[in-house]
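>>> Test case, fold it:
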Amino acid sequence: MADLPLEVIIDILSRLPVKSVLRFRCTCKSWRSLIDGSHFISFHLHKSLETNRNNLVIFRQNSDLQIVDFDTLDAAVEVVHPLMCYGNRLKVLGSCNGLLCICNVAEDIALWNPSIRKHKILALLPVERRPESDTSLFAARVYGFGYDSFSDDYKLLRISYYIDLHSRTFDSQVKLYSLRTNSWKTIQHMPYALCCARTMGVFVGGALHWVVTRKLEPDAPDLIIAFDLKYENFREVPLPDLGNQNFQMEVALLGRSLCMLANYQNTRVDIWVMKEYGHKETWCNLFTLNESHELGSLKFVRPLAYSRDGNKVFLELDHKRLCWFDLKNNGISSIQIPRMPPLIDGTICLGSLVPPALESRIDKQQQELEAKKERDAFLSEGFKLVL
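The predicted structure is shown next:
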């Protein structure tokens, strides 16, 4: 290894899973400093996203979480998360760059990287103001978690949604958490009604997405809205031309694309993907599932990920089954994973070295200086750097 250029060593290490990289921290002080540096952490993250490697599947049942390596689909392994659970309930609010955002029934919220077993408990929310109307009832609360590349910040959005039973109107209170400032702030309300209170925001293209409607009426059409994490505002997402047929709409993340599911009364589900985010003409009907004895119920369908070669889609059906859908021959094959819980609630989480904290600008400059010193010491021991 002493004869290898430093950039070759970095490239090799960046292609390894997190578990292997963490073992190599023990090789020597210079490797530990290299691996712990923000530049290598970012490079490893970029390489994992680029090669579609190091993906994990997090399965939740009540307050228990289990991890499965997506590349191998070996036996599920239970992991200990950092939150106390009251009433045996836990929610996964989102996943981004290896950070999992989780919440218990007391609304304690943690950012947690299960690969490096580090977490951060978020600042407590201030008590929020309820609507003044006596007929307003609390209807739902949803969250969305994602990364703002413009400000290099992880953000969590919370939408509290209220319905006035007398006037059939709705109101919302929206708060945004910034990891960089470790604080919450109130922003503009959401001028839409949520269609599914159980769905957390889907993070794609620097924005969080939900299915909503403009009016509380049975025939009001569904829309997809996006909350832009850079500009911190809501906007509508253009939909494919689906006609006036009666279906239930849901959103999901598939690969790195926004995915829309059109469920026609549980007898047929069309899965659409937006190949180029923000461009209506790039919506593509990827495949269709039809009710059959083999598939069973289509009441709940969630695409989780593409296979490594991109020819199959990993599906969760009715919170009970995992399947591969072959895009070439439209075939379905079941997946059996040892020690899987009987009820499934799956989330794709990237295996990464990203810590659940952000460095200040001063700390980052100091780390870069220390990294330079370590690199110089590394080279003085006989390692060659090819410029």
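>>> burial count for the closest residue in space to Asn52 that isn't next to it in sequence?
Sequence neighbours aside, Arg308 is the residue nearest to Asn52 in space, at 6.2 Å (criterion: Cβ to Cβ, 6 or more residues apart in numbering). To be clear about C-beta, it is placed using only N, CA and C from the backbone, and glycine gets the same treatment. Neighbours of Arg308 under the rule other Cβ atoms under 10 Å: 13.
>>> Which helix or strand contains Arg308?
Here Arg308 sits in a region with no helix or strand, counting by DSSP states H and E.
>>> Let me see the contact set for it.
The neighbourhood of Arg308, defined by Cβ atoms under 8 Å, 6 or more residues apart in numbering, consists of Asn52, Arg53, Asp71.
>>> so after the strand or helix carrying Leu34, what's the next helix or strand?
In this structure, Leu34 sits in helix 29-36 according to DSSP H and E. Heading C-terminal from helix 29-36, the first helix or strand you meet, by DSSP H and E, is helix 38-51.
>>> relative orientation of that next one and helix 29-36 in degrees?
Helix 38-51 and helix 29-36 are oriented at 60 degrees to each other (axes from the mean of the first three to the mean of the last three Cα atoms, to 10 degrees).
>>> what about helix 38-51, average pLDDT?
Mean pLDDT, computed over helix 38-51, is 95.
>>> List of residues touching that helix?
10, 13-15, 21, 34, 53-54, 97-98, 256, 350-355, 359, 364, 367, 371.
>>> in the stretch 1-150 of the chain, which spans are strands?
With DSSP state E, counting those that start in this stretch as the criterion, the stretch 1-150 of the chain has strands at 55-61, 64-69, 77-79, 90-96, 99-104, 109-113, 118-121, 136-148.
>>> The residue lying closest to Leu34 once chain neighbours are set aside and Ile12, how far apart?
Closest residue in space to Leu34, ignoring its immediate chain neighbours: Phe40 at 5.6 Å, by Cβ to Cβ, 6+ apart. As judged by Cβ to Cβ, to the nearest Å, Phe40 and Ile12 stand 12 Å apart.
>>> Which one of the two is surrounded by more residues?
Phe40 (19 against 12).
>>> How much space separates the more buried one from His279?
To His279, Phe40 is 34 Å away according to Cβ to Cβ.
>>> what does Leu124 give?
Leu124 is 40 Å from His279, by Cβ to Cβ.
>>> And Phe300, by the same measure?
29 Å.
>>> Flag the shaky bits of the protein, pLDDT-wise.
By pLDDT under 70, the weakly predicted segments of the chain are 1-2, 127-135, 197-198, 360-387.
>>> what sits against the closest residue to Pro114 other than its chain neighbours?
In this structure, Pro114 finds its nearest non-sequential neighbour in Val79, 5.5 Å apart by Cβ to Cβ, 6+ apart. Residues in contact with Val79 (Cβ under 8 Å, 6+ apart) are Leu65, Gln66, Ile67, Pro114.
>>> neighbours around Val273, how many?
Neighbour count for Val273, taken as other Cβ under 10 Å: 20.
>>> just the CA coordinates of the helix or strand where it lies, formatted as PDB?
Taking DSSP H and E as the criterion, Val273 maps to strand 268-274. The C-alpha coordinates for strand 268-274 follow below in PDB (Å, rounded to 0.1, in the frame of the first residue of the first chain):
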ATOM      1  CA  ARG A 268     -55.100  -1.700 -10.800                       C
ATOM      2  CA  VAL A 269     -52.200   0.500  -9.900                       C
ATOM      3  CA  ASP A 270     -50.200   2.500 -12.400                       C
ATOM      4  CA  ILE A 271     -46.700   3.500 -11.300                       C
ATOM      5  CA  TRP A 272     -45.400   6.700 -12.900                       C
ATOM      6  CA  VAL A 273     -41.900   8.200 -12.600                       C
ATOM      7  CA  MET A 274     -40.800  11.700 -13.500                       C
END
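>>> What residues of the helix or strand following that strand count as buried?
The helix or strand immediately downstream of strand 268-274 is strand 283-290, counting by DSSP H and E. Within strand 283-290, the residues scored as buried using 16 or more other Cβ atoms under 10 Å are Trp283, Leu286, Phe287, Leu289.
>>> mind giving me CSV with those and columns for distance to Glu236?
Below are the buried residues of strand 283-290 laid out as CSV (distance: Cβ to Cβ, whole Å):
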residue, distance to Glu236
Trp283, 14
Leu286, 22
Phe287, 26
Leu289, 27
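>>> mind listing the helices for this protein?
Residue ranges of the helices in the chain, as given by DSSP state H, are 6-14, 18-24, 29-36, 38-51, 361-380.
>>> rewinding a little: helix 6-14 and the helix holding Leu34, what's the angle between them?
60 degrees.
>>> close enough to count as contact, Leu343 and Asp318?
No. Using Cβ atoms under 8 Å, Leu343 is not in contact with Asp318; the gap is 9.8 Å.
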